[in-house]
Structures are given as structure tokens and as C-alpha cells.
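Engineer: Coordinates only, no sequence provided:
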């Protein structure tokens, strides 16, 4: 059989086929059969696994004559041997093979002085910048991709100027410069930055509790309160992450697509091979990964000055609204800025479509399922708005704010007395109302949660059971109730796990368990010894949610690249659990949602270390140290920030108006003080939104039944019920179809055209570009802010290309408020329930 045909079946390049053919004699038919059966069991429901390869596997295993007369089936046997070799000595996924080495050098230095110096400085600086500017509108963020980019010249500089001076510390020999700066050092620095860049959740909690125009609670200014709760919050997720490695890190099927751009950048800087590849226009391309990264980075750095500063209408290219600026219906349907975004050319800004994902890294099935879900919800949202259901016609069509019955923003302070709901004030003021886009987005979130549970039970139960069995065996070994050599290895066929286990000692689950328990205790102390009006038990009840949900949502994210955010579920459950107590909701949401969010980020970093073959104890120590730096830096500047004159008000200097904190406060009162029962309880006006739960549960069941009825239907295999719900949930209000649409042509060109026609070209360059563009945008945004927007009160270009954004009928309600001055039930009559 020709290499091109084999490559098409197995999703490998011609060069990979030739390399595998040279190894066929190393794979016996008996071992091939055993491996292929295992591969089918693992990947039969895996959308990332090539459908053509799965079809050949079914053909191979379904023909008993192959065993009896192998000489008659030489072609398919050789194909299956190649697939077995891929699965055991590399990866069955082309995207992983392209960016992850299937070899390791255990003697390569990793936890070096260079790592500690660069990693700690970057961790402190990144945490300070992201935490300090969180209060600003717009905020300034420096992502871990920026640290990965800057770490390379720093590491190379230290390797050049520092001598190879040896010394002993803690019984081990160290060197100031143990050879060239290498990929393992680089990845450890990147992981430390990933852990520490960003703002701790306490940077939202503490100002909201402390500032006089919000909850005005003096204890929140106490540094002991701030540091205790910061430690509790930041380390809980790490403990959870370590306990789920057998579910979410070790399996080969846990690809974590978004991490591959990080791996690609690491490979671009440290690879010594620059293989020529055939690409578009019949040319052979010899540009190195590093040079391509530099070119793409500089191009995007320069280009982002246009949508980011010079011509901001390129971000929200609402050309149809500009044609008829007074047309309310047209703007509502087509506008990306405040509408539903039904626009074939919605944006020329790469950053717009990167809100929830990393373009070029997410597989086609994930993008297209989200796209279909969005297409279904757009007319549903429009129908709700045009029919004025739930009085949505009096509000903007696609908005995530809460509104009063006069068409203004809902002011939660008007219904509070001593931070508690005052029913007399509530009856006099207004019920809370939400937009049509908010209704469909929240309904989609409810469907998303139901679909996730149902999907994992139907399609991943064996994987979960197998990993749980391994965890239990590990516990028995730890308790000396079982010998280590008796332990069977569920992941023995995966080359990356095999190399890690052969070369390095793993961190046992009990160490992560201790971190989880200690951080929970510290968090409970931080809540209990201060007058928070909240029981410390809320930490335990909050942790139950990620303990149950982390594996299901992690399995979905590791395959699709999309996170199932638990914020809405945490607010819904927490608001019901601590009804009337906004502080109680804050802490339940923190430990129910944020701990899961952080755990998934830690797991992604553990997968990066797994791919790079970094000793697990080194990763463990670096993550702990970086988290400590992050915790103390972010907590240490809280009182300094709150001392600024007029901070978090409209008169604040340098834009420190705290828009995120305002939203956080409103959300706490909306869900905690008012509680979900007033909005979603039996007979309440938004009760129908809860239909999302049963709809979500049924979607995977229907899909599962159809797949059993039509097992050969490849299009059914590419349907992912969870992603169908994730599209309208994650990209719902205030986002819309316009934010997402750019991902569709990008993924079709990259994953469908380039990957199929030029697999070598795609493997070499796709993820390098995916890493370069966000890095270029991040650096460009920082330069724009510090060089143009911050000095002397800021500089802007006053012209049509900037002023047109948001003009016209964008965000305008369909209906005018009735002449009586309000819509809905009459105030001050006791009718608000």
C-alpha cells in the first residue's frame, strides 16, 4: 500500500509512515492484537482519534480470518502494527506528535539556579502587575505566554554570563550554570508563571467586603484575614489537582489541546532539527519554528496597534449597523457590540475570538459543535426579545447586567440594610430583571451541567472506573496493605507515562491530600475567627462540589479544550444553601467554583510537565513556591490599593474604577441576598430556565442511542452534546456569535485543509503560530497601555474609526418604558416575591 494512503488512514505524514515501516518487524501479530484491542477500548468514543483509523481497527478486529491467514491480509496487518507502534512509542494524535517528544534525557538539568532566579522574579512581578491593575478599567493582564517568551533570552543570558561554579546544598551538588539553557528549565519557569500570573480571588473578595460603599466590613482590612483566606483559596485547587492525575494527566486520551501551543513554543526555542516540509503552492518550506514564531509574533504585535488603538472598529466590525444606525432590530441581530452578532464579517481582531479558547489549538469537532449550538440559540433569543417574553423587550437584547423595572441598572444598595435584604425597601424599589440573552445563556449553562454529567456516565465511565481503581491501589500501597509489584498499570502503553515512570519517582497522592486538608483548615480558620457572619462549614460544603465535578469537567476539557465553568452552578447551589447571606455565597462560590477552576489550571500545568518529562517532585516544589509567592504578593498589596483616593468610584485616578468588583458585589447580593428561590423557585418568573437541566441530561442519552443504532455514521461520532451546550453558554451574554464566528474559518482552514493535505507542514507550523499570535497581542497591549494610554492622562485618536464603536441603536431596547414609569408588577404593593 502506498504511504500516502496509509497516512490518510492513520492521520500520519509520509515521513512518519516510512519511519514506522522500518519498525514493523519489532511488532508481533499477537502483541499487535493485544494493543489494538486496548486502543479501541480507550478511543472508541474519542473524537480526537482519527475516524479512518478507528474504521480500520474495527475492520481488523472484526475479521477472524486475519489471524488464521495473515499472509492474505498483509496490508491491514501492517497498518495495525503501525497504529500499535504509534500508540505505544509515540502518540495516536498528530497534534501531540507534532509538539511533544517521545524521548527523554533524564540527565538534562531541570531544577537549576536559573529556574529559581528567573521563575521567582517572574512570579512576583507577574502577580504584582496582574493584581495591581485588576481594579483598572480596562485591566492590564500579562499572561504566562509572555513569561515563556521573555524567559528564553533571560535563560540564555544567564547561561552565557554565569560560570559553571559547583557547590553543595542540602546534600546535592548544584551549579550556577550547568550547561546550555534547556527546554526543561524553560518549561518549569513557564509553569511557575502560569501558577502565579493573574490575580487571587481575594483581590475581589476583600475590597468588596471592606469598601464603605459595598459591605463596609472593617475586619476585611486585617492582613491576617487576607493572608489566611488567600492561602486557603490558592492551595485547595492544587490539592485537588494532584488527586486527579490518574484521571486527567496520565491517560494518552487526555490531550489538553490548549497546552499544545505552549509545547510548540518550547519546541520552537529548543529544537535542533529543522526538517523541510511540503506545503501550499507545491513548495518545500525550510523556515525554522523559531524564525516563524518571531515573524508571526512581530506581525501580530504590529497589527494589534490597529484594533487595539488606531482603528478600534476593526474589533467590532458592525458594518450593517453603520449602514442603518437607527435600525434597532438590525443592530440587535447583527451587532457584535451589544447584539447577537449574526454577522458574516464580525471582526478583524484575533483577540476577539480568543475569549474562551486558543485559536488553532482547538479541534474541529469542538469548534463546530459550539457553532451549531450558537446558531440554534440566536433565533431563540431573538424570539424571546421580539415577543417581549419576561418583559425582555424593555431591555437590551444581549446584556449580562441586572435591571430594574424602570429600565435602569438594578441598584442592590437600595434593598439592603446592614448588608441584609430589607423586604420593605425591596417592595418599594423593584424586582430584578434580565435580558433575553441572559436568559438563554443561563438556560444553556443549566443544560451544560446536565449534559456533562450524562455524557461522562455514558462515554467515560470505564475510564473513570479504571483510574479510580488505580487510585485505590495506590492508597492500599501507601497504607502497606498491598505490595507495589502487585499493582497493575492502566497507562503502561502510553510512551510519556512509561518514560516518566521509568525515570522519575512520582509524588504520592497522600502528599496532595495533605495539602488539600491543610488548606481547607486554614481557610476555615480564616472565616471562623473573624466576624464574617458565615459558618466555616461552608468550606466543606463548597469543596464537595469540585470533588464531584472536577473529574467530569476535566475529562471534557482535556479532550475538547473547552472548560465547563461552574460559576453559575456554584451561585445557584450556594445561593440556595446560604439564602439571604451574601458573604456565605461568596465563600461557597469561592470553594465550589474557584477551587475547581484553579485545579484545572494546575492540571494543565501538570500535563505540560508530563509532556516535557520534568521530574514530578521538581514540578511539585516549583508549583508550591510559585503559589506561595503569588499568595503573599497579591494579598500584600490589597490594603495599599484600597488606600488610593476615590478608588473604585467614578472619580478614581488612572481608571481604577473597579468594574469587576462592582459586578462581583452585585452578583453576591443578587444570588446570596435575594437567593435563587425568588427567581427560579416554583411559580417564579424564571422557573422555566431550569428546563435546561433535563434537556442537557437528555442530549447525550439521545446521542448515545443514535450511535448504537448507527455505529458507522462518522458525522454522529463528531457530535459532542456537551459542546453543543457549551457554545451558547460560554459565548452567551455579554458575548455572542460575532465573538466566536472567526474560529470557524480558522479551524476549517487549519484542521481540515492544511492538516489533511499538508500534514507535515501543519504539524511543524500550526501550533507555533497559535503561540505567536497571543504573545504578540499581549506585548502589544502592554506597550499601548504604558506608552500611550497611561502617561499624562492618556492619549487617544479622535476619529470615526474609534468613535463609531457602540454608536447608533446598539444596546437600545425594543420597547419604550410604559407611561406609568415601570413595567411588571406594581411596586410597593407587596407583589414582589
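Structural biologist: Received the coordinates, thanks. Quick caveat, the model's predicted, so the values are computed rather than measured.
Engineer: Next one: residue 643 from residue 201, what distance?
Structural biologist: Between residue 643 and residue 201 the computed distance is 21 Å (CB to CB, to the nearest Å). All C-beta spots, glycine's among them, are computed from the backbone N, C-alpha and C.
Engineer: okay but residue 556 is in contact with residue 455, surely?
Structural biologist: Yes - with contact defined as CB atoms under 8 Å, residue 556 reaches residue 455; the gap is 7.3 Å.
Engineer: between the two, what contacts are shared?
Structural biologist: Applying CB atoms under 8 Å, 6 or more residues apart in numbering, one finds that residue 556 and residue 455 are jointly contacted by residue 722.
Engineer: hmm, back to that, which of residue 643 and residue 201 has more neighbours?
Structural biologist: residue 201 (23 against 9; other CB atoms under 10 Å).
Engineer: I figured that one was touching residue 594, is that so?
Structural biologist: Yes - using CB under 8 Å, residue 201 is in contact with residue 594, at 4.9 Å.
Engineer: anything in contact with each of those two?
Structural biologist: Contacts common to residue 201 and residue 594, judged by CB under 8 Å, 6+ apart, are residue 233.
Engineer: Neighbours of residue 41, how many?
Structural biologist: Residues contacting residue 41 under the criterion other CB under 10 Å number 12.
Engineer: likewise residue 705?
Structural biologist: By other CB under 10 Å, 11 other residues sit near residue 705.
Engineer: how far away is it from residue 82?
Structural biologist: From residue 705 over to residue 82 (counting by CB to CB), the distance is 34 Å.
Engineer: and residue 361, helix, strand or coil?
Structural biologist: coil (DSSP: H, G, I helix; E, B strand; the rest coil).
Engineer: What does it show for phi and psi?
Structural biologist: phi -100, psi -20 (degrees, to the nearest 10).
Engineer: can you count the residues close to it?
Structural biologist: Neighbours of residue 361 using other CB under 10 Å come to 26.
Engineer: all strands for the protein, in order.
Structural biologist: Here the chain has its strands, by DSSP state E, at 166-169, 172-175, 277-278, 284-285, 416-417, 420-421.
Engineer: Using JSON lines, lay out those together with distance to residue 208, mean pLDDT and mean neighbour count.
Structural biologist: Output for the strands of the chain, formatted as JSON lines (distance: least, CB to CB, whole Å; pLDDT from 0 to 100; neighbours: other CB atoms under 10 Å):
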{"stretch": "strand 166-169", "distance to residue 208": "44", "mean pLDDT": "76", "mean neighbour count": "9"}
{"stretch": "strand 172-175", "distance to residue 208": "45", "mean pLDDT": "76", "mean neighbour count": "12"}
{"stretch": "strand 277-278", "distance to residue 208": "53", "mean pLDDT": "90", "mean neighbour count": "18"}
{"stretch": "strand 284-285", "distance to residue 208": "53", "mean pLDDT": "94", "mean neighbour count": "13"}
{"stretch": "strand 416-417", "distance to residue 208": "13", "mean pLDDT": "84", "mean neighbour count": "14"}
{"stretch": "strand 420-421", "distance to residue 208": "16", "mean pLDDT": "82", "mean neighbour count": "17"}
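Engineer: pLDDT value on residue 637, please?
Structural biologist: In the predicted model, residue 637 carries a pLDDT score of 87.
Engineer: oh, I was asking about residue 828
Structural biologist: 86.
Engineer: Would you quantify the distance from it to residue 822?
Structural biologist: Where residue 822 is concerned, residue 828 sits at a distance of 11 Å (CB to CB).
Engineer: the more surrounded of those two?
Structural biologist: More crowded of residue 828 and residue 822, by other CB under 10 Å: residue 822, with 16 against 10.
Engineer: who's in contact with the closest residue to the more buried one other than its chain neighbours?
Structural biologist: Residue nearest to residue 822 in three dimensions, not counting chain neighbours: residue 405, with 4.2 Å by CB to CB, 6 or more residues apart in numbering. Residue 405 sits next to 391, 430, 431, 433, 822, 823, 824, 827 when contact means CB under 8 Å, 6+ apart.
Engineer: filter these to the buried ones?
Structural biologist: Among the contacts of residue 405, the ones that count as buried by 16 or more other CB atoms under 10 Å are 391, 430, 431, 433, 822, 823, 824, 827.
Engineer: Tell me the one of the residues you listed nearest residue 147?
Structural biologist: Ranked by distance to residue 147 (CB to CB), the buried ones among the contacts of residue 405 are led by residue 433 at 43.0 Å.
Engineer: Within its local environment, how many residues does the nearest residue to the closest one once chain neighbours are set aside see?
Structural biologist: In space, and not counting its chain neighbours, residue 433 is closest to residue 403: 4.6 Å by CB to CB, 6+ apart. Number of residues near residue 403 (other CB under 10 Å) recorded here: 24.
Engineer: again with the one 5 residues further on
Structural biologist: With neighbours defined by other CB under 10 Å, the count for residue 408 comes to 11.
Engineer: What distance do you get for it to residue 658?
Structural biologist: For residue 408, the distance to residue 658 - CB to CB - is 20 Å.
Engineer: related to what we said a few turns ago, which among the strands of the chain is found nearest to residue 156?
Structural biologist: Taking CB to CB, strand 172-175 is the member of the strands of the chain nearest to residue 156, at 16.3 Å.
Engineer: Please state the offset of that closest one from the chain centre?
Structural biologist: 38 Å (CA atoms, centre = their mean, to the nearest Å).
Engineer: what are the pairing partners of it, and which direction each?
Structural biologist: Strand 172-175 sits in its sheet next to strand 166-169 (antiparallel), going by DSSP bridges.
Engineer: Name the residues that touch the strand it pairs with?
Structural biologist: Counting by CB under 8 Å, 6+ apart, 173, 174, 175 sit against strand 166-169.
Engineer: Export the residues you listed as TSV, with columns for distance to residue 683.
Structural biologist: Formatted as TSV, the contacts of strand 166-169 follow (distance: CB to CB, whole Å):
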residue	distance to residue 683
173	73
174	69
175	72
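Engineer: how close does the residue most central in space within the chain get to residue 663?
Structural biologist: Centroid-nearest residue in the chain, with CA atoms, centre = their mean: residue 563, separated by 4.8 Å. Per CB to CB, residue 563 is found 20 Å from residue 663.
Engineer: for residue 80, same thing?
Structural biologist: Computed as CB to CB, the residue 80 to residue 663 distance reads 55 Å.
Engineer: do residue 150 as well
Structural biologist: Applying CB to CB to residue 150 and residue 663 gives a distance of 31 Å.
Engineer: who has more neighbours, those two?
Structural biologist: Each of residue 150 and residue 663 has its neighbours counted (other CB under 10 Å); residue 150 has more, 18 against 15.
Engineer: Per-residue pLDDT of that one, please?
Structural biologist: Residue 150 carries a pLDDT value of 91.
Engineer: Look up the closest residue to it, ignoring the ones flanking it.
Structural biologist: Leaving aside its chain neighbours, residue 150 sits nearest to residue 122 (7.5 Å; criterion: CB to CB, 6+ apart).
Engineer: Let me know whether the one you found touches residue 151 as I believe.
Structural biologist: Yes - in this structure, residue 122 is within contact of residue 151 by CB under 8 Å, at 6.8 Å.
Engineer: shared neighbours of the two, which are they?
Structural biologist: 189, 193.
Engineer: circling back: give me the distance between the residue nearest to the residue nearest to the centre of the chain when sequence neighbours are not counted and residue 256.
Structural biologist: Nearest residue to residue 563 in three dimensions, chain neighbours excluded: residue 557, at 4.9 Å (CB to CB, 6+ apart). Applying CB to CB, the value for residue 557 to residue 256 is 7 Å.
Engineer: For burial, what's the neighbour tally of the residue lying closest to residue 533 once chain neighbours are set aside?
Structural biologist: Nearest residue to residue 533, sequence neighbours excluded (CB to CB, 6+ apart): residue 583, at 5.5 Å. Look at residue 583: counted by other CB under 10 Å, it has 24 neighbours.
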